[in-house]
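Participant: need the 3D shape of this:
(2 chains)
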Amino acid sequence: MTLQFTSQTDYFWALLPEIVLSLWAMLVLLIDVFQKGHRSGPSRPIIAWLSLAGVVPTALANLWLMGPARTASPGGMVAADDFAIFTNFIILLAAALSILLSIGHVDEEEINRGEYYVLMLFGAVGMMLMAAARDLIVMFLALELMSISVYVLTGFNRKDPRSGEGAIKYFLLGAFSSAFFLYGIALVFGSTGSTNLSVITPLVGNGLAGNAMFLIGAALLLVGLGFKVAAVPFHMWAPDAYDGAPTPIAAFMATGVKAAAFAAFIRIFPIAFAGVYVSWHAVLWWLAVLTMFGANLIALTEGSVKRMLAYSSIAHAGYLLVALLSANPLGPAAFLFYLLVYTLMTVGAFGMVVANSRGGRERVALEDYAGFGWQQPLLGFAFAVLLFSLAGFPLTGGFIGKLYILRAALVSRQRTLAVLLVLASVISYFYYLRVVILMYMRPAPAEDSHRAIAVSGTTKFAVVAAAFLVLLLFFVPGPVLGAAQQSVASLFHTGSPLLGALH
Amino acid sequence: MSFYQSHWVLTFLIFAPLVGAAFCLLVSVERAKWVALVTGLVEFVVAAPIFYYFQTASGNCSVTSPFGQTHPLPLFHNCVAAPWIPGWGIYYRLGLDGISLFMVLLTAFLLPLTVLGSWTYIQSRQKSYYAMLLALTTGVIGVFVSLDMFLFYIFWEMMLIPMYFLIGVWGGKERIYAAVKFFIYTTAGSLLMLVGILYLHLRYQVAYPGAGPTFSYFDLLHTPLSPTEQWFLFAAFAIAFCIKVPVFPFHTWLPAAHTQAPTAGSVVLAGVLLKMGTYGLLRFALPLFPLAAVDHRTVMLFMVLGLIGIIYTAMVAAVQPNSKRLVAYTSVAHLGFAILGIFAFNLQGIQGALILMIAHGVSTPMLFFLLGMLYERRHTYELEDFGGLAASIPIFAVMLVFAAFASIGLPGTSGFVSEFLVLIGTFRVHPWVALIGATGVIFAAYYMLPMVQKVIFNALKKPANRGIPDLNAREIAVLVPLVVVILWIGVFPQPFLQRMEPAVNHLVEQLQTAKSATASVALSAPASAPSHR
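Facilitator: Numbering: from 1, shown residues only, chains lettered A, B, ... in the order given. Here you go, the predicted model:
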């Protein structure tokens, strides 16, 4: 099958993963209505498992798409390429792990409503669509689908005022950033006459560098995306939203939303706007440096593990920006690999916050982890692995990921940026290690302070599986590295002038 | 090919402790230390014959360059190159030469002793403790035998984790501060080295586009680098190694780590971990960036830092009220000698530095063991709490006097041979440095003898020092092997010198070539297929 994007059918096939997941989500919604005896009662566990099962046919559709993607034409409104497929897998992984974390958590927090899972699935659809979008309008639609689902999920715990606070902050600033993004689209359309990136790309190469309208449009797109990936100084909403949201949702936001927004970032800036690299390079450079150092320094001062993880995820956006700045095919490949590792370790780490709850209360203060490692050996070990990986220490996938980014940065002669990334990582050691210190080197307040935590089997499974995969990605990174490298080859098919323009 | 001619002996030495560590976690608490002891003994018994085989077999290794030619490596033994991440040119590449040989043997030698030395000292969380001790050995041996820069870096960083936990979980009162300081200090330095390694790796690819990616030490030796690049890369590597040694301004993590670590932690730290720094200089920093290394400014800098290390830390050691802290400072002083020897760039100097690494690797552990044994009896390291112990525990007193003499470097002990060689080597190139350095030997007596006096002589005033039991059979068994090695090197160092000589000669040759090259013209390497040695 060749996807020419000349008929509706081609779009149907190219969007098959998104369509499958949307239909599945609607089905779950419908089943949820009928399985409930009482309106305000909790949903049955079957809803959660059904939602989780939805990942499987979507992943299969995604897998199937790899075949047609090989010959797909690059001209459509959506891209059926390996880059989108790889990102889709990451988003599905994030969704699956977050659903696993939710299963015990929603009962404990008494927010077990079927809509919770359905919104997660719709959010995932938006994310996947965003990763595949090659037209700015489609990208915007996807952004809204994703964002609105996540706004609602952030405020899902209605009894908790922090949840509401986080949701309203996220919603207001998110709406602002969407407006920026939309205005940016309008200006880019005004200066190029198209919203399709494959049409815009060659135009950008031919003398748009001095076009003020285009450059302002690009800057507005940058602001809009900067908000979504929570890059400093557009990060203000993130800690409060992550802190207020139910923890599995925070994990989903920190990984899925970021993956989708970054995928769009890559499609727009290093690929489509490569022709005006000089104009946005310095801005992104400073954005990356500010994000790495700002977030890591603030994380040092956090006394709550959940907020610390929020800042940590902002810091990692900085590392991903470095990958994005590396103007060669290694950059996006490093980005994909790092995104996978990042998703595993971030969901795993938030999973630990879910796991460490007792008596219906999440214990997020640093002191609540004192002696944890000795009383819960398996979870403690998994958390230590995840923290070392977040810090980018050898023996974990986080190290290979960071190394890949460093490599990409050095190949494109970003030596200063590479050294700054390393220094920022050293700062991050302090706060990641602090948790390890508490878990193993400080005594627990009582013999049973951690033995009696109410951790569900699914949460435990998700955390341990994430830690295991993080280790596996260090010892056997070859296949994933190869896949990441292949996945970005298609990005450069569209004749990006990137390499030629630079060297 | 027999076990000792193949890489399997090295692979075994790396991974056997890791397997032992896993068993430690699985068995019951009472059995954990026995598992650790058996693993340690097996490790030593397997490692010891290398000493014999190394002499008879001349290196049978060869290396295939990215251009397809195969070159013999007469200096290296027990090589292997198995693909790990071939896409990035990362191989499981090991080998042993005269420089790494003794470090491997020393590590394997100390392992059973540290287990035995911890027998009663460690009372809590024993399973994890012995597992960490064994895992540490895996990392250390890996560092000494890796010839792939990536693999080297992995082992280099990996061994931090067990050490971090050993200090942080089983250490003294200030253990967390010490553990964090140790960890952050070392990783901050090594991350810059990582950037250096990556840069070197990419630079090689740029220079030889047809070659494909490689992290092999033998390939990267031939990377054409401009003098400026050499300077930056040398700095990145040297700082990482100097922090580990530690060379004077970077030494502040060491007293904290040593004082707080449990006995076995201090023993491994002083015995082998510090040597990773000097080993790194000899193996990587000097041969990879010879132009920057032999520059007279670099040499002067290191000579001065070495001298400051010898004299300043000796003076600091002399006023320490805490015995363990005192011994920690002596490590900095001793390794200052090693730095002098290395930067003399001649056979005697570098051989002296290598012997010093072994000598310090047995005498300082002996001191730490003794202080640990004393701590188990008196629960203190403060010098003023002791006094007159010669009367109450005579065997201990004899051992302490012997260890102190070995540390000072009395003729007949290993310390003398090493410092003597270093001073000869240094004298031949920088006489005044050797003259100032020689006073360091006097300083060693100045801090060590008062310590001995305060601990075992003086009057037996404190009642708590009466009636404490003398060393038992297990403790004597820990100390005797150390005594034997100290005397062996002190009296008959020839078997050691002879095995290191070819490798050291080759290194000296490399450095002297670079020295004469700097004298004539700046380096301009042709971008053709390099020849390997």
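
Participant: contact partners for the residue nearest to residue A:201 when sequence neighbours are not counted?
Facilitator: Leaving aside its sequence neighbours, residue A:201 sits nearest to residue A:272 (Cβ to Cβ, 6 or more residues apart in numbering or on different chains; 4.8 Å). Heads up, the C-betas are built off the backbone N, CA and C, glycines and all. Listed by Cβ atoms under 8 Å, 6 or more residues apart in numbering or on different chains, the contact set of residue A:272 reads A:197, A:200-201, A:204, A:496.

Participant: if you set the cut-off to 7 Å instead, what comes out?
Facilitator: A:197, A:200-201, A:204 (Cβ atoms under 7 Å, 6 or more residues apart in numbering or on different chains).

Participant: low-confidence ranges, the stretch 401-503 of chain A, go.
Facilitator: Along the stretch 401-503 of chain A, the model assigns pLDDT under 70 to residues A:493-503.

Participant: where along it do the strands fall?
Facilitator: Secondary structure of the stretch 401-503 of chain A by DSSP state E, counting those that start in this stretch: no strands are present.

Participant: residue A:278: neighbouring residues, count only.
Facilitator: Using other Cβ atoms under 10 Å in any protein chain shown, residue A:278 is surrounded by 10 other residues.

Participant: what residue in the stretch 201-350 of chain A comes nearest to chain B?
Facilitator: residue A:330 (10.3 Å; Cβ to the nearest Cβ).

Participant: help me confirm that residue B:240 comes into contact with residue B:194.
Facilitator: No - counting by Cβ atoms under 7 Å, residue B:240 stays clear of residue B:194, with 8.7 Å between them.

Participant: higher neighbour count, those two?
Facilitator: Neighbour count, other Cβ under 10 Å: between residue B:240 and residue B:194, residue B:240 has more, with 29 against 26.

Participant: show me what contacts that one?
Facilitator: B:189-190, B:192-193.

Participant: just give me the neighbour total for residue 429.
Facilitator: Here I'm looking at chain A. 22.

Participant: looking at chain B here, not the other one
Facilitator: 15.

Participant: if we can go back for a sec, measure the residue nearest to the residue of the stretch 201-350 of chain A closest to chain B when sequence neighbours are not counted to chain B for me?
Facilitator: Of all residues not flanking residue A:330 in the chain, residue A:408 sits nearest, at 3.9 Å (Cβ to Cβ, 6+ apart). Here the criterion is Cβ to the nearest Cβ, to the nearest Å. By it, residue A:408 lies 10 Å from chain B.

Participant: so the residue of the stretch 201-350 of chain A closest to chain B makes contact with residue A:405?
Facilitator: No - look at residue A:330 against residue A:405 with Cβ under 7 Å: they stay out of range, at 9.1 Å.

Participant: which one of these two is surrounded by more residues?
Facilitator: Applying other Cβ under 10 Å to residue A:330 and residue A:405 shows that residue A:405 carries more neighbours, namely 28 against 21.

Participant: how much space is there between that one and chain B?
Facilitator: 11 Å.

Participant: so who does that residue touch?
Facilitator: Contacts of residue A:405 by Cβ under 7 Å, 6+ apart are A:319, A:322-323, A:334, A:338, A:421.

Participant: hmm, 6 Å instead?
Facilitator: The contact partners of residue A:405, by Cβ atoms under 6 Å, 6 or more residues apart in numbering or on different chains, come to A:319, A:322-323, A:334, A:338.

Participant: ok, and the most crowded of the residues you listed?
Facilitator: Neighbour-wise, these (other Cβ under 10 Å) top out at residue A:334, 32 neighbours.

Participant: pretty sure it contacts residue A:408?
Facilitator: Yes - checked against Cβ atoms under 6 Å, the pair residue A:334 and residue A:408 is within contact range at 4.3 Å.

Participant: joint contacts of the two?
Facilitator: Common neighbours of residue A:334 and residue A:408, counting by Cβ under 6 Å, 6+ apart, are residue A:323.

Participant: list the contacts for the residue nearest to residue A:330?
Facilitator: Going by Cβ under 6 Å, 6+ apart, residue A:408 touches A:323, A:326, A:330-331, A:334.
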